[in-house]
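Q: quick one, structure for this:
(chains A and B)
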Amino acid sequence: MGASFVQFSLTPMLIGVLAAIACALPGNFLILRRQALIGDAISHVVLPGIVVAFLVTGTVATMPMLMGAGAAALVAVVLIEAIRRLGRIEPGAAMGVVFTALFAGGVLLLEQSDTSRVHLDVDHALMGNLETLIWLRASGWDSVIDPVALSHLPPELPRIAGVAALMAVLTVIFWRPLKLASFDEGFARAMGLPVSAIGLGLVIAAAVAAVAAFDAVGSIIVIAMFICPPATARLMTDRLTTQVWLSVAIAALAAILGYVLAGYGPIWLGFDSAVSAAGMIATVAGLMLGMACLWGGARGRVGVAPGA
Amino acid sequence: MPDMLRLASHDGALLGAQPTPADAALAVRGMTVSYGQKPALFSVDATFPSGVMSAIIGPNGAGKSTFLKAALGLIPMVSGEVRFFGLPLAQARSRIAYVPQRASVDWDFPTTVIDVVLMGRYRRLGLLRRVGRADLALAQEALARVGMEGFAHRQIGQLSGGQQQRVFLARALAQQGDLYLLDEPFAGVDAATEAAIIEVLKALKAAGKTVIAVHHDLSTVADYFDHVFLVNVRAMAQGPVASAFTTAALSQTYGGRLGAGQLDQLHPAKG
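A: Numbering: from 1, shown residues only, chains lettered A, B, ... in the order given. Presented below is the predicted three-dimensional model:
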């Protein structure tokens, strides 16, 4: 693990781990509230958001892209709520309608607009570009304390680190309201907790995590990490605190294992090229969930309606 | 019949004419709640005296739970005014303890019995204050009062229906309120739990607290409660059990859904 590891593998791995954790933290509460699909919805509507931001600003600079993605996520959240309330249909269906429609709209916009000269494409949206987030200025482990080298870190790293830290802080601060409003909404409301604001805040936090992670690693990881690590952890424990810690560990493990397997797995198997790290990380997360389903100790059901 | 009804509407008119009595634990005026086009409650006036046990009674779909939820601000009212101890809800919250319907939550939620009871302390604990020894002792004591002291660290999904109801009551006790609002506390619980719950509620009354419960078992009303509020979309009758829980008021409220034989078995005061 020398200089080339620091140059080519350290930053993508870190970004993968932080993106996975940033998504897994709000994901814990989303699955308990049976809103797991919201991560899926947000990561799909990010595409039209980015395309519209490109059409409006004409640049592929990061900030407009992120703001477009964030705005689209908010529009989607509001649309889902509106359809659920006005149309009186179940939340899953409302999410399904909104994210497929907006994603399809995004694809049409992408085809119609002159985006061939920029690197906006569906593959990129799905898989991100984790393998390209390398740290060429690094010359070895010494660079970790070298301010000049550090200033050339891929900008995605501090961004996703900040968002992951934000998610951790929000989880700690709003632990009690989140837990109570997720477990017993009526009691929480009677106590005076702003239950609707808590629900909206959670979804907005999820949107922030999704957009930041999408920027770094693409939507496949976002979708997988909102659901797989929390659901895996849920199968292994009956304590919320333990579940959240486990989900963080599982998210990090999936990111590291997935990254390593994507880079070396095919070579070990005799193929000559690596596969997509984002795809492999999501696959590993899914396999871990599958193993927890088969052998997980504590329990058997996740996200089942009461009485079902 | 209509004596009772007239009396009820007369009461309502009195309530309307005077300032809301400040000594009432809960006073509601002109509450209208609607789900879509259909009103669930229409222009309901009701007053619940403090220091006694009151039952909210009516047939399925009469709006009993809706009344409680609307009073607590859990669902919006089309119109109406609600006062707890003469104060608006926001100023009275710390005096109100609430036991929702057991079936309204997911008992598979990853948490323990003691953790659920401690939720009753969240209002005082705020966001970040640590659960202190006093809070923990209070929660343990609440569990002991409902006969669940040995279950503190049990996962809530492992409890029976009656045990779940006891845990919800313990959580309300941990809120240390003056008014206890219970939504169908005896629904689907075993006889031992029902007896344990009623004992706790009677002890609360003896300590000067007020209890209001949505109740569906007419045969136990006279044994358990002092005051009744009969509702079927509209307020049908209210007052002390002895004078308001009458055959006439019941047949009016249930609109012929109770047979004459059933009514006779209830031994309510003759109306």
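Q: switch to C-alpha atoms for all contacts and neighbour counts from now on
A: Will do.
Q: so, low pLDDT: which residues of the chain?
A: With no chain named, the answer covers chain A. Applying pLDDT under 70 to chain A flags residues A:1, A:60, A:114-128, A:296-308.
Q: think we crossed wires, I meant chain B
A: Short version for chain B, where the test is pLDDT under 70: B:1-22, B:256-271.
Q: tell me which residue lies nearest the centroid of it.
A: Nearest to the geometric centre of chain B sits B:A213, at 2.6 Å (CA atoms, centre = their mean).
Q: contacting residues for B:A213?
A: B:M53, B:S54, B:A55, B:I56, B:L181, B:L182, B:D183, B:E184, B:P185 (CA atoms under 8 Å, 6 or more residues apart in numbering or on different chains).
Q: is the residue of chain B found nearest chain A in a helix, a strand, or coil?
A: The nearest approach of chain B to chain A comes at B:P110, 4.4 Å away (CA to the nearest CA). For B:P110, the secondary structure call by DSSP: H, G, I helix; E, B strand; the rest coil comes out as coil.
Q: A:R34 versus A:G92, what's the distance?
A: 9 Å (CA to CA, to the nearest Å).
Q: name the element the residue nearest the centre of chain A belongs to?
A: In chain A, the residue lying closest to the centroid (CA atoms, centre = their mean) is A:V222, at 2.8 Å. Per DSSP states H and E, A:V222 falls inside helix A:219-236.
Q: which bits of the stretch 101-250 of chain A sit near chain B?
A: A:173-177, A:180, A:183-184, A:186-187, A:189-192, A:234, A:237-240 (CA under 8 Å from any CA of the partner chain).
Q: ok, now with 6 Å
A: A:D184, A:A190, A:D238, A:R239, A:L240 (CA under 6 Å from any CA of the partner chain).
Q: next step: those residues restricted to helices.
A: Under the assignment DSSP state H, those contribute A:A190, A:L240 to helices.
Q: residue farthest from the centroid of chain A?
A: In chain A, by CA atoms, centre = their mean, A:A190 is the one farthest from centre (32.8 Å).
Q: can you map out the helices along the stretch 1-150 of chain B?
A: Taking DSSP state H, counting those that start in this stretch, the helices of the stretch 1-150 of chain B run over residues B:2-17, B:64-71, B:89-92, B:113-118, B:122-125, B:133-145.
Q: if you could redo that for the stretch 151-300 of chain A, that was the one I meant.
A: Assigned helices in the stretch 151-300 of chain A, in chain order: A:156-173, A:175-183, A:185-190, A:195-217, A:219-236, A:240-268, A:277-295 (criterion: DSSP H, counting those that start in this stretch).
Q: deepest in the core, which of these is it.
A: helix A:219-236 (a mean of 28; mean count of other CA atoms under 10 Å in any protein chain shown).
Q: partner residues bridging the closest residue to B:H216 other than its chain neighbours?
A: Excluding the flanking residues, the one nearest B:H216 by CA to CA, 6 or more residues apart in numbering or on different chains is B:I57, at 6.2 Å. Assessed by DSSP bridges, B:I57 has beta-bridge partners B:L230.
Q: how far away is B:I57 from B:V211?
A: On the measure of CA to CA, B:I57 and B:V211 end up 14 Å apart.
Q: A:G140 too?
A: 71 Å.
Q: those two - which one has more neighbours?
A: B:V211 (26 against 14; other CA atoms under 10 Å in any protein chain shown).
Q: just the element for that one, please.
A: Using DSSP H and E, the element containing B:V211 is strand B:210-214.
Q: tell me the buried residues in the helix or strand following that strand?
A: Scanning forward in sequence from strand B:210-214 by DSSP H and E, the next helix or strand is helix B:221-224. Neighbour counts over helix B:221-224 (16 or more other CA atoms under 10 Å in any protein chain shown) mark B:V221, B:A222, B:Y224 as buried.
Q: with stretch B:81-90 instead?
A: Applying 16+ other CA under 10 Å to stretch B:81-90 flags B:E81, B:V82, B:R83, B:F84, B:F85, B:G86, B:L87, B:L89 as buried.
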